[in-house]
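K.L.:
Sharing a model prediction with you, sequence too.
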Amino acid sequence: MSPAEEKIHHVLEANAWRLRTEGPDVVRWLTGGSEPDAYVLLEREPAVDRLTARCASCRQVLQSLTLVDGHLVAEELLAVRRRFAGHTCARADA
């Protein structure tokens, strides 16, 4: 392994906690189309095929989401984006 590769490997290992792609603390950016963007946390509800979308700043529940064959329902994602657009919290200061 070259010195550059070793350095990259070391940096990635040291910062693995920042590079998570799954879990309740990973902020999701819902974007695309004409609806407003939303920054949310998705939390799996135990023992059911549902997720809870929360505001990434204040963690207030925005909406419960249905999983169908492991995929989110598009109409519910659009509703979360609309609800986030009207949501007020300290996110502007974050």
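P.N.:
Now that the structure is in, tell me what you want to look at.
K.L.:
The most centrally placed residue in the chain: helix or strand, and which one exactly?
P.N.:
Central residue of the chain (Cα atoms, centre = their mean): residue 28, 2.3 Å from the mean position. With secondary structure defined by DSSP states H and E, residue 28 is part of strand 27-30.
K.L.:
need the helices for the chain, in chain order.
P.N.:
Listed in chain order, the helices of the chain (DSSP state H) span 3-14, 74-86.
K.L.:
Of the ones you listed, which is nearest residue 36?
P.N.:
When the helices of the chain are compared by Cβ to Cβ, helix 74-86 sits nearest residue 36, at 3.9 Å. In this view, the C-beta of every residue, glycine as well, is placed from N, C-alpha and C.
K.L.:
Could you list the buried residues of that closest one?
P.N.:
76, 77, 78, 79, 80, 81, 83, 84 (16 or more other Cβ atoms under 10 Å).
K.L.:
could you dump these to JSON lines with distance to residue 37 and pLDDT?
P.N.:
Shown next, in JSON lines, are those (distance: Cβ to Cβ, whole Å; pLDDT from 0 to 100):
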{"residue": "76", "distance to residue 37": "16", "pLDDT": "89"}
{"residue": "77", "distance to residue 37": "12", "pLDDT": "88"}
{"residue": "78", "distance to residue 37": "12", "pLDDT": "90"}
{"residue": "79", "distance to residue 37": "14", "pLDDT": "91"}
{"residue": "80", "distance to residue 37": "11", "pLDDT": "92"}
{"residue": "81", "distance to residue 37": "7", "pLDDT": "92"}
{"residue": "83", "distance to residue 37": "13", "pLDDT": "91"}
{"residue": "84", "distance to residue 37": "8", "pLDDT": "91"}
